[in-house]
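> this one's structure only:
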């Protein structure tokens, strides 16, 4: 699968942690809320089978889902990816209804996370073209900027309201970060040239990715200790979400460049692929075992997904 990136979404939203998920390409004839083929997890002796449903914003040619709290799913859509006047736009999906998530003062937006109390997190481009993080709590919108950063993304949020993401410093170096009660702490994987944090559970365990001269792989950070997360024989591994049981969901790229979803649980990996899809990418795994993400169909259209 070719890894193209949108030129009109939030600036640098395709870097590192959002690379595959920002690959928003046209969908022809996308079905809305339709059942799609089940996906089978492979690698463990007792592979789990998920039943997936697609989530496609009405009239959009491209949709993806980043997260769900069980009642509301959040993500982004593009009506026409070929048009520079058709921006990436955040949306919510709840009780069968789609709503545009309005981020005031933005030219493009993506909703990347939602917690149990309905706090939504994401990233947007402001009117000057700068990339900012945001939270939306009820009707209260707040901008999130790592102190001194040239750009900031909020990528994950837990049920305690802690946020994680990445920022770029004045030297154009990418770092991960976590924020609790408005206090920011940088996250840098040892000896990495760049780091990004993507998900956080209630215990404060964080997953993300790191890069160096040899490539890009994942990590989990628990009690100040980094542990690499590397899918066997993968060329890259992107852990994206972690639940309270410590199960991790994400994306890996195989030797042929194909993207697959994965779940890492009890020290073992499962591959998760939608049957017949050209690519599958998982973004979150929730406490009840449900998952979210995106799949690429046979004509390279992208669909948001929710699975159990």
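Here it is on my side, so go on. No experiment lies behind these values; they were computed from the predicted model shown.
> and after the helix or strand of the chain with the lowest mean pLDDT, which helix or strand comes next?
Least confident helix or strand, the chain: strand 35-42 with a mean of 56, by mean pLDDT, DSSP states H and E. The helix or strand immediately downstream of strand 35-42 is strand 49-55, counting by DSSP states H and E.
> quick one: strands adjacent to that next one?
Applying DSSP bridges, strand 49-55 is found paired with strand 35-42 (antiparallel), strand 302-307 (antiparallel).
> distance of residue 161 from residue 298?
41 Å (CB to CB, to the nearest Å). The way it works is simple: take the backbone N, C-alpha and C, and place the C-beta from them, glycine included.
> and those two? Which one has more around it.
Taking neighbours as other CB atoms under 10 Å, residue 161 and residue 298 compare with residue 161 leading, 15 against 8.
> just give me the neighbour total for the closest residue to residue 282 other than its chain neighbours.
The shortest distance from residue 282 to any non-neighbouring residue, by CB to CB, 6 or more residues apart in numbering, is to residue 261 (3.6 Å). Applying other CB under 10 Å, we find 30 other residues in the vicinity of residue 261.
> wait, residue 261 touches residue 241, no?
No: in this structure residue 261 lies outside contact range of residue 241 using CB atoms under 8 Å: 10.8 Å.
> list residues touching both of these two?
The contact sets of residue 261 and residue 241 overlap at 249-250, 282 (CB atoms under 8 Å, 6 or more residues apart in numbering).
> in TSV, list those along with distance to residue 91 and pLDDT.
Below are those laid out as TSV (distance: CB to CB, whole Å; pLDDT from 0 to 100):
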residue	distance to residue 91	pLDDT
249	21	97
250	23	95
282	19	95
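> most neighbours among these, which one?
Result: residue 250 is most packed of these (other CB under 10 Å), 33 neighbours.
> I'd guessed it sits against residue 261; true?
Yes: counting by CB under 8 Å, residue 261 is a contact partner of residue 250 at 7.4 Å.
> parallel or antiparallel, list what pairs with the helix or strand in which the residue nearest to residue 282 is found.
Here residue 261 sits within strand 259-265, counting by DSSP H and E. Strand pairing for strand 259-265, using DSSP bridges, gives strand 248-253 (antiparallel), strand 268-274 (antiparallel).
> highest mean neighbour count out of the ones you listed?
Mean neighbours per residue, mean count of other CB atoms under 10 Å, is largest over those for strand 248-253, with a mean of 27.
> what's that strand in contact with?
Identification of contacts with strand 248-253 by CB under 8 Å, 6+ apart yields 20-21, 198-199, 207, 218, 220, 229, 231, 234-242, 259-265, 272, 281-285, 291, 293.
> swap in stretch 94-101?
By CB under 8 Å, 6+ apart, stretch 94-101 touches 33, 57-58, 71-74, 89-93, 109, 111, 120, 122, 136.
> before we move on, the earlier item: what sits up against the strand holding residue 261?
With contacts defined as CB under 8 Å, 6+ apart, strand 259-265 is touched by 1, 20, 39, 41, 48, 229, 231, 237, 239, 245-254, 269-273, 279-282, 285, 291, 293, 296.
> which stretches of the chain have low pLDDT?
Residues of the chain meeting the criterion pLDDT under 70: 1-47.
> repeat that with 90
1-52, 61-62, 80-84, 129, 275-276, 278, 296-302, 308 (pLDDT under 90).
> residue ranges of the helices in it, please?
Using DSSP state H, no helices are found in the chain.
> thinking again about what came up before, tabulate the strands paired with strand 259-265 (TSV), appending distance to residue 128.
Below are the strands paired with strand 259-265 laid out as TSV (distance: least, CB to CB, whole Å):
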stretch	distance to residue 128
strand 248-253	31
strand 268-274	39
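> out of those strands, nearest to residue 181?
For the strands paired with strand 259-265, proximity to residue 181 was assessed by CB to CB; strand 248-253 is nearest, at 25.4 Å.
> how far does the closest one sit from its chain's centre?
Mean-position distance between strand 248-253 and its chain equals 10 Å (CA atoms, centre = their mean, to the nearest Å).
> with stretch 173-184 instead?
With CA atoms, centre = their mean, you get 17 Å for stretch 173-184.
> give me the buried positions along it.
174-179, 184 (16 or more other CB atoms under 10 Å).
> repeat for stretch 56-63
For stretch 56-63, the neighbour count (16+ other CB under 10 Å) marks 56-57, 60-63 as buried.
> out of those, which are inside strands?
62-63 (DSSP state E).
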